Each structure stands twice: as C-alpha cells, then as structure tokens.
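Undergrad: Predicted coordinates and the sequence they were generated for:
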Amino acid sequence: MSFKQDKEFTEKIIHIRRVAKVTKGGKNFHFTALVVIGNMKGKVGSGLGKSNEVPDAIRKAIEKAKKNLIEINMNGRTITHEVYAKSLSSQVMIRPAGSGTGVIAGAAVRSVLELAGIKDVLTKSLGSRNPINVVSATIECLKLLNEPSDTAENRGKESSDLDLPKQYYKNKAEGEINA
C-alpha cells in the first residue's frame, strides 16, 4: 500500500496497529501508523503517527518522516561498507552485495532500503521482529555509512590507500557515486 503525495518523495505504509485502552465505560480504540518516505536517490526517513482515525495517523506519520529525513552515502547501486545497528531489542546488519543481487531483506528493512534507492544489498535482522524497532535499527545503520574519503581522512591516509574494490573507482569515474 503506497501512494505518491509529493513528486519528490514516495511514501510507504509499513504497519498500522489498533490499540485499545480499556476503561470503566468500555474500550477506547486509537491507531498508530508507521510510514517510510524516500526519494530513491539517497534520502530516506521514517515516522510514527498516532490518532483516533487511520488517515489522521498516516498524515501525522508522513509529516514526522519528512522531519526525520537523512541522506546516505552509496556506492553505485549498493552501500560502501558493512554496518550493524541495534534499536531496543531489534538488531540489523547490512552488507554490500555484487551487482544484480537485489535487495535480500525482510519486509520492513526492504521497504526502507528500496525507498533509499539501494538496489543490491544483503541484510540480516536479529532479535525482535517488531516493525517499529526494525525500521529504527535500519535507519541507524544507514546513518553509520561513511564515504570512503572520510574514512581515509580519519585514518590519516589517502583514499587510494584504502582496500576498496576496483568497481568503486570505476563507478566513481562514471559519476554513479554520490560525492
């Protein structure tokens, strides 16, 4: 279930949950919606909206996701290096993959990576399968991605001294890598 509201960003509803508060007068229901937005060119964000009605919860989640946008460093169709992050009891590991591999991931992680524009990647999700925590851990992984030149600078070396695959330099020359 996805739809386009802005021309730049694509939204995808990951999870809608009905929550009941039991009171003396009966059950009071409200809804939470988890939404991920991205431009498929390296920007992605997630948001959680809560309201008494589903459309209002989705609208609030989209607004929060737009405020939480991050920009990621990519190596052509994949990521630059392996990353691992944890959010509460959910853990996510993301590894770069060769061209043509596709996105090997579970539902929540797949949605985030596809909306970020990553085409070839391997992932593993450990621990809790709660979609809210899994999406949060995936966003944390993407925040940890560094540009190879930044890594070289931190180590006091030239970027050519790093042990990067030849494909990285080829993609950089062709202009496929976000600089």
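TA: Ah, there it is. From a predicted model like this one, the values you see are computed outputs, not experimental measurements.
Undergrad: From now on I want contacts and neighbour counts done on CA atoms only, so please keep to that.
TA: OK.
Undergrad: Doesn't Ile139 belong to a helix?
TA: Yes. Counting by DSSP: H, G, I helix; E, B strand; the rest coil, Ile139 is part of a helix.
Undergrad: pretty sure Val146 is touching Ile79, no?
TA: Check again: residue 146 is Asn, not Val. No. Assessed by C-alpha atoms under 8 Å, Asn146 is found out of contact with Ile79, at 9.3 Å.
Undergrad: Comparing the two, which residue is more hemmed in?
TA: Neighbour comparison, Asn146 and Ile79: the larger count goes to Ile79, with 24 against 16 (by other C-alpha atoms under 10 Å).
Undergrad: Skipping its backbone neighbours, what lies nearest the more buried one in space?
TA: Closest residue in space to Ile79, ignoring its immediate chain neighbours: Pro96 at 5.3 Å, by C-alpha to C-alpha, 6 or more residues apart in numbering.
Undergrad: From Ala65, how far off is that neighbour?
TA: Pro96 sits at a distance of 25 Å from Ala65 (criterion: C-alpha to C-alpha, to the nearest Å).
Undergrad: State the mean pLDDT of whichever strand or helix holds Asn133.
TA: Assessed by DSSP states H and E, Asn133 sits inside helix 131-143. Computed over helix 131-143, the mean pLDDT rounds to 93.
Undergrad: now it: how far from the chain's centre is it?
TA: Relative to its chain's centre, helix 131-143 lies at 6 Å (C-alpha atoms, centre = their mean, to the nearest Å).
Undergrad: Tell me which residues touch the one residue sitting closest to the centre of the chain, please.
TA: With distances taken as C-alpha atoms, centre = their mean, the residue of the chain nearest its centroid is Val112 (3.5 Å). When contacts are counted by C-alpha atoms under 8 Å, 6 or more residues apart in numbering, Val112 touches 36-38, 44, 135, 138-139.
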